[in-house]
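>>> The sequence and its predicted three-dimensional model are supplied below.
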Amino acid sequence: MDFSKHPCFSAEARHTTGRIHLPVAPKCNIQCNFCNRKFDCVNESRPGVASTILSPDQALGYLKEVDDRVENLAVVGIAGPGDPFANAEETIATMKKVGEAFPEKILCLATNGLGLLEYVDEIASLNVSHVTVTLNAVYPEIGAKIYSWIRFGSRVLRGVEGAKLLLERQTAAITALKARGVTVKINTVIIPGINDGHAEEVARYAAALGADVQNCIPLMHVEETAFADRPVPDAGEMQALRFAAGKHLRQMSHCARCRADAVGKLGEANTEEIQALLKKAARIGPTDEWPFIAVASREGLFVNCHVGEALQLWIFKNENGKPVLIERRPTPVPGGGDERWEALAKTIPDCFALLASGCGNAPLTILAKRGIAVTAAECLVRDAAEPLFRGEPIPKVLERAAGSCGSGALCSGTGTGCA
């Protein structure tokens, strides 16, 4: 296998080539006892944090801008801030778009492996050549001490039961990846008193599955986690541990424990220009494909309807910076659960934003997956639409919190709400 161009797989490449992590995966399906995900901390550099979350289209636009500015950006990866396969739809869509636009880039994913197996064929077909699987234990009794819970489908499993299922899923996924020629790196977080005497066994196990390299990472203290006060291994302990594990599997030791929105060479902090591009990419704005704004309104003058109570949506276009009404579209009849919101999304496929005075979590999530951002506000339509057409956020004083109206239970509309 050729590690030479991937900075995470080659100590030499980290000095010459860069990578970008696209933060499109906010949700996670495992609670590790060393992890606390925060989405808006620019000063903290570790896995699980990112300054913002992007949709697949936003991520592609952001990548195009960054690629023009960062030299030798060879690798495009998704590493959270949650798990890529707890957000499989967004992950696959992003990889597909990036692969089509940048066929020369190395595509890379980092996952806990729980939800990976079902997507192995698809990611291989998209030319994702490098996958990192975090494998902290190969004995469920040890894994049970590392994971608070795992969520698989509708089930939440804890203790040995959860750790056993996770290991089974990781084993099957790594085997399937290697059968398709994908390079596999094993990340193992070393937790003193838990798995520090277990890393060699993890290496032996992973090597038997065909994994290519192991990255043993010392525990990092993260506030508000179960392991926040646990001691961290020192450099001598890590060296001895890697030596033992290296008898079975090639070791790497230059991991920078990157953020989920890291850009550039390993160890380099994101520049102010990159942070500005990231924030710019996350802004809502019109595109050629989605030029309009839909508004939940009673009379078309004010934003004054919840999504769940709106009988129609008023559609506005941008004309010299001003919102101009072009038509009204009826909303799907209440009932039907999520199908109602899927149908709603289909009524406004040309809108980049939906303005409403409130919105439950169900329509918020479903519309976001269709690329439609819900902005909650109470104001004149023009006061919210004009900044959105400029690609700017609406004034804070006009904002309400979309997704916080009780998912229908507290809806002030017709009683059908957003449920």
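Arrived safely, thanks for sending. Not measured: the values here are computed from a predicted model.
>>> among the helices and strands of this protein, which has the poorest mean pLDDT?
Scoring the helices and strands of the chain by mean pLDDT, DSSP states H and E places helix 361-369 at the bottom, with a mean of 80.
>>> I'd like the next helix or strand past that one.
Later in the chain than helix 361-369, the nearest helix or strand by DSSP states H and E is strand 373-376.
>>> Check what contacts that next one and list those residues.
Applying C-beta atoms under 8 Å, 6 or more residues apart in numbering, the contact partners of strand 373-376 are 284, 307, 352-359, 363-364, 367-368, 384, 388, 394, 399-403, 405. C-beta coordinates here come from the backbone N, C-alpha and C atoms, glycine included.
>>> In its sheet, which strands sit next to that strand, and in what direction?
strand 351-356 (parallel) (DSSP bridges).
>>> Which PyMOL command selects the buried ones in the contacts of strand 373-376?
Here is the PyMOL command that selects the buried residues among the contacts of strand 373-376 (16 or more other C-beta atoms under 10 Å):
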select buried, resi 284+307+352+353+354+355+356+357+358+359+363+364+367+368+384+388+394+400+402+403+405
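>>> And the least confident helix or strand of the chain, what does it pack against?
Here helix 361-369 touches helix 338-347, strand 373-376, going by 3 or more C-beta pairs under 8 Å, 6 or more residues apart in numbering; DSSP states H and E.
>>> so it versus strand 351-356, what angle?
Interaxial angle of helix 361-369 relative to strand 351-356 (axes from the mean of the first three to the mean of the last three C-alpha atoms, to 10 degrees): 160 degrees.
>>> how far is helix 361-369 from where the chain is centred?
Computed by C-alpha atoms, centre = their mean, to the nearest Å, the separation of helix 361-369 from the middle of its chain amounts to 16 Å.
>>> ditto for stretch 265-281
17 Å.
>>> Tell me the buried residues in it?
265-266, 270, 274-275, 277-278, 281.
>>> again with stretch 370-385
Applying a neighbour-count criterion of 16+ other C-beta under 10 Å, one finds 370-377, 379, 381, 383-385 buried in stretch 370-385.
>>> what do you get for stretch 154-162?
157, 162.
>>> do the same with stretch 60-77
Applying 16+ other C-beta under 10 Å to stretch 60-77 flags 60-63, 66-67, 70, 73-77 as buried.
>>> likewise stretch 134-153?
Buried-residue list, stretch 134-153, by 16+ other C-beta under 10 Å: 134-140, 142-147, 150-151.
>>> Tell me where the protein is predicted with low confidence.
1-4, 38-46, 401-419 (pLDDT under 70).
>>> looking at it, which residue lies furthest from center?
Distance from the C-alpha centroid of the chain, by C-alpha atoms, centre = their mean, peaks at E299 (38.0 Å).
>>> measure it to W314 for me?
Plainly put, E299 is 9 Å away from W314 if you go by C-beta to C-beta, to the nearest Å.
>>> The closest residue to V128 other than its chain neighbours pairs with what?
Once flanking residues are discounted, V128 sits nearest to L107: 4.4 Å by C-beta to C-beta, 6 or more residues apart in numbering. Beta-bridge pairing for L107 (DSSP bridges): V76, V128.
>>> Please name the residues that touch L107.
L107 is in contact with 75-77, 95, 98-99, 126-130, counting by C-beta under 8 Å, 6+ apart.
>>> is it true that V263 touches I274?
Yes: at 4.9 Å, V263 counts as touching I274 under the criterion of C-beta atoms under 8 Å.
>>> who touches both of these two?
Contacts common to V263 and I274, judged by C-beta under 8 Å, 6+ apart, are 66, 70.
>>> report the longest helix in the chain, please.
Criterion DSSP state H: the longest helix present in the chain is helix 159-179.
>>> who does the very next helix or strand once past that one pair up with?
Later in the chain than helix 159-179, the nearest helix or strand by DSSP H and E is strand 183-190. Partner strands and pairing direction for strand 183-190 (DSSP bridges) are strand 128-134 (parallel), strand 213-218 (parallel).
>>> Output the ones you listed in CSV, with distance to E200 appended to each entry.
Formatted as CSV, the strands paired with strand 183-190 follow (distance: least, C-beta to C-beta, whole Å):
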stretch, distance to E200
strand 128-134, 17
strand 213-218, 10
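>>> Nearest to N318 among these would be which one?
strand 128-134 (37.5 Å; C-beta to C-beta).
>>> and the next element down the chain from that closest one?
Strand 128-134 is succeeded, C-terminally, by helix 140-146 (DSSP H and E).
>>> Tabulate the CA atom coordinates of that next one in PDB.
The C-alpha coordinates for helix 140-146 follow below in PDB (Å, rounded to 0.1, in the frame of the first residue of the first chain):
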ATOM      1  CA  PRO A 140     -15.900  -6.900  25.800                       C
ATOM      2  CA  GLU A 141     -15.100  -6.800  29.500                       C
ATOM      3  CA  ILE A 142     -12.500  -4.000  28.800                       C
ATOM      4  CA  GLY A 143     -14.700  -2.300  26.300                       C
ATOM      5  CA  ALA A 144     -17.500  -2.100  28.800                       C
ATOM      6  CA  LYS A 145     -15.300   0.200  30.900                       C
ATOM      7  CA  ILE A 146     -14.600   2.500  28.000                       C
END
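>>> what helices or strands is that helix leaning on?
Helix 140-146 packs on helix 159-179, going by 3+ C-beta pairs under 8 Å, 6+ apart.
>>> tell me what the helix it packs on is packed against?
So helix 159-179, by 3+ C-beta pairs under 8 Å, 6+ apart, packs with helix 120-125, strand 128-134, helix 140-146, strand 147-152, strand 183-190, helix 199-209.
>>> So which bits of it are buried?
By 16+ other C-beta under 10 Å, the buried positions in helix 159-179 come out as 162-167, 169-171, 173-178.
>>> again with stretch 199-210
Buried residues in stretch 199-210 (16+ other C-beta under 10 Å): 199-203, 205-207, 209.
>>> ok so, going back, take the buried residues of stretch 60-77 and keep only those in helices.
Per DSSP H, the buried residues of stretch 60-77 map to helices at 60-63, 66-67.
>>> could I get the buried residues of stretch 199-210 as CSV with distance to N187?
What follows is the buried residues of stretch 199-210, written out as CSV (distance: C-beta to C-beta, whole Å):
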residue, distance to N187
A199, 11
E200, 16
E201, 16
V202, 10
A203, 12
Y205, 14
A206, 10
A207, 15
L209, 14
